[in-house]
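K.L.:
test case, fold it:
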Amino acid sequence: MRIFLKNMFGICTSWVPVAVMARLTGQKIILPFYHAVSDEILPHLRYSYRIRTIRQFIHDLEFFLRFYLPVNFSDLMDIINGTMQVKKPVMALSFDDGLREVHDIIAPLLIKKGIPATIFVNPAFVDNRSIFYKYKANLIVDRLDRARHPDSIYEVINSRLGTEIKKRSRMIKMILNTGYEKKDILDSIAELVDLDFSAFLKVRKPYMTVEQIRQLQMQGFQIGSHSIDHPMYSGLSLDEQIKQTKESLEWIRKAFNLNYSFFAFPFTDENVRKDFFDAVFNPDKPVANLVCGTAGLKKTASPFHIQRVPLEDSRLRARLFISGEYLYYMLKGIAGRNVRKF
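P.N.:
Model prediction:
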């Protein structure tokens, strides 16, 4: 419903200048993010994100350049601190999961247009050592869609999932919704449909290598943490949340010799308690300089806990979706619901 409303609001406000929407909301910082860009169908992303084609992505970039000043996350911190003054609304672009398309397709386009960006990676996946469990689910469903399998296979899948689902579409949804705590089930289902994740990693190489990330770093891109292996934080204990955050940031700082610590929640920061943020922003020993959620335009308790806008939630062009984001923020504000509460 939330995405539907934003889409509708974007279409309805298409005639209103973006500068006016930014001024009315008072939100002069916007943080769009993506995962990948490709003209090909990416089977591991196929059911999770609405991936932009190269042409669509270029159109988005042209919109951002027309109405916003592109900055990196270090600039963003200076703006928040008041040590950098800007007259124009700013845009800080980022990309999640450290996918190969960032190196092969996205970075050259950004360099050509002079747009900085931050790349959030998961140490567990760098160098194609392993694969995100949601991407495993996507590959399984892609295999089920592309090949016929006997009813007996679906009966065994039911037993692995602990369900008695007869409707195939519901079973597909159950596979895609498999959670972090049950991710090992996906490995057993993959065997049933003759799917080898190790071979996929070796042949397809969906993630960037350390060397490729260093190349991007040398070209001016910033690197941040996206947790160790992409769990849903609301399903973890506080200790595990802090461990995922701290250890991933330490790995990234060491691997890429960083003097900053940027962290982006995997999935969402929804239902993450205040205790976590107190620990991360501990003035005596801070874990991160900047922490990002994915709730779109929304106020937060800390200026260094910011929310990004997931452009792949919609098939609309960035111009329309961002307009819808502004109007959604204003209407939520009337109800007092545009603040991220703990």
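K.L.:
any idea which helix or strand in this protein has the lowest mean pLDDT?
P.N.:
Considering only helices and strands, the least confidently modelled element of the chain by mean pLDDT, DSSP states H and E is helix 2-12, at a mean of 80.
K.L.:
against which helices or strands is that one packed?
P.N.:
Using 3 or more C-beta pairs under 8 Å, 6 or more residues apart in numbering; DSSP states H and E as the contact test, the elements touching helix 2-12 are helix 318-334. For glycine as for every other residue, the C-beta is placed from the backbone atoms N, C-alpha and C.
K.L.:
other residues contacting the helix it packs on?
P.N.:
For helix 318-334, the external contacting residues (C-beta atoms under 8 Å, 6 or more residues apart in numbering) are 2, 5-14, 16, 18, 21-22, 24-25, 27, 30, 32, 59-60, 63-64, 296-298, 309, 311, 313-314, 316, 338.
K.L.:
and the least confident helix or strand of the chain, what's buried?
P.N.:
By neighbour count, and taking 16 or more other C-beta atoms under 10 Å as the criterion, the buried residues in helix 2-12 are 6-7, 9-10.
K.L.:
closest one to residue 250 out of those residues, please.
P.N.:
Looking at those and their distance to residue 250, the nearest is residue 6, at 36.3 Å (C-beta to C-beta).
K.L.:
that closest one contacts residue 310, correct?
P.N.:
No: counting by C-beta atoms under 8 Å, residue 310 is not a contact partner of residue 6; they are 10.3 Å apart.
K.L.:
report the contact partners of the nearest residue to residue 196 once chain neighbours are set aside.
P.N.:
Excluding the flanking residues, the one nearest residue 196 by C-beta to C-beta, 6 or more residues apart in numbering is residue 190, at 7.4 Å. Under the criterion of C-beta under 8 Å, 6+ apart, the contact partners of residue 190 comprise 136, 139-140, 196-197.
K.L.:
on that earlier part again, need the max-distance pair from the buried residues of helix 2-12.
P.N.:
Comparing every pair within the buried residues of helix 2-12 by C-beta to C-beta identifies 7 and 9 as the most remote, at 7.3 Å.
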